[in-house]
Each structure stands twice: as structure tokens, then as C-alpha cells.
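Engineer: From the sequence below, what's the structure:
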Amino acid sequence: MRPLILGLLATLPVALSACAPGALPGLGSTLLPVTAQDNARRGAVELAVKGNFGPVISDITAGGGPALERAFDAAGVPISDRPARRLQLSGDLELYEVNPGALVTSLLLWGG
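Structural biologist: Residues are numbered from 1 along each chain as shown. Here you go, the predicted structure:
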């Protein structure tokens, strides 16, 4: 029993490091206060996605377009990452078609 407890304690630092700020780029820790900059960025991404939801979904289906680029810009997704992100978005299109919040969250995760 003692080796099991010691083994679990040994893995604790690794498990806790996943909760550290910066462990998931683009998403702030829920333990840290949200800044005005975080709120502004999230609001901009939500407007870009939800305000133009039909065109954004059409752009994802087409492999790109101006509405999707505006959403990428609002989220701060690096230009070099965008081709891979377009593929990811098209692969999960069924999810995003029914859940614009999931699309907003993905863009925030990928952005800066």
C-alpha cells in the first residue's frame, strides 16, 4: 500500500503542472482573474463568429474565406497556423454547425 501512495505522490507535480497558467496557450486558468483584455478578445471572437455565423460556416466548408479570416484575426490565430486550423475546422464541421460556442472556444484556444 505504501508504494502505491508514494507512486501517486510522485505523479502529483506532473498533474499539477497541467493546471499551471500557460499550460494551455490561449485559455486562461480559471483560478486567475479574467482581465479586460481577455474579455475584449473573447467578445471580438464571439461577434466575428456569431454575428456572421452562416458565412463563417460556409467559409469552413469552402476551405477558407473572408468571414473565417476575420474570426481568425479576432482570435489572434497566427497566419502560419491557419491552413492546419482550416482542416481541423472542416473535420469537426458537424459540431460547429450546431454549437457556435464550441467554434469560439476553439479559436480562442488557437489564438494568442
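Engineer: what about this protein, any weak spots by pLDDT?
Structural biologist: Filtered on pLDDT under 70, the chain yields the residue ranges 1-32.
Engineer: Repeat the analysis, applying 50 as the threshold.
Structural biologist: Along the chain, the model assigns pLDDT under 50 to residues 16-17.
Engineer: give me the element the closest residue to residue 93 other than its chain neighbours is part of.
Structural biologist: Once flanking residues are discounted, residue 93 sits nearest to residue 60: 5.9 Å by CB to CB, 6 or more residues apart in numbering. Quick note: C-beta positions are derived from backbone N, CA and C, even for glycine. Following DSSP states H and E, one finds residue 60 within helix 53-62.
Engineer: Any buried residues in that helix, and which?
Structural biologist: Neighbour-count burial for helix 53-62, counted by 16 or more other CB atoms under 10 Å, picks out 53, 56-57, 59-60.
Engineer: before we move on, the earlier item: quick one: residues contacting the residue nearest to residue 93.
Structural biologist: Each residue near residue 60 by CB atoms under 8 Å, 6 or more residues apart in numbering is listed here: 68, 86, 89-90, 93, 96.
Engineer: Can you tell me which of those residues has the most neighbours?
Structural biologist: Tallying neighbours with other CB atoms under 10 Å puts residue 68 at the head of the contacts of residue 60, with 28 neighbours.
Engineer: how far away is that residue from residue 39?
Structural biologist: 23 Å (CB to CB, to the nearest Å).
Engineer: quick one on the thing from earlier: would you reformat the buried residues of helix 53-62 as CSV and include distance to residue 105?
Structural biologist: Shown next, in CSV, are the buried residues of helix 53-62 (distance: CB to CB, whole Å):
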residue, distance to residue 105
53, 15
56, 14
57, 16
59, 18
60, 15
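Engineer: Now flag whichever of those is closest to residue 75.
Structural biologist: Within those, the smallest distance to residue 75 is 11.8 Å, found for residue 56 (CB to CB).
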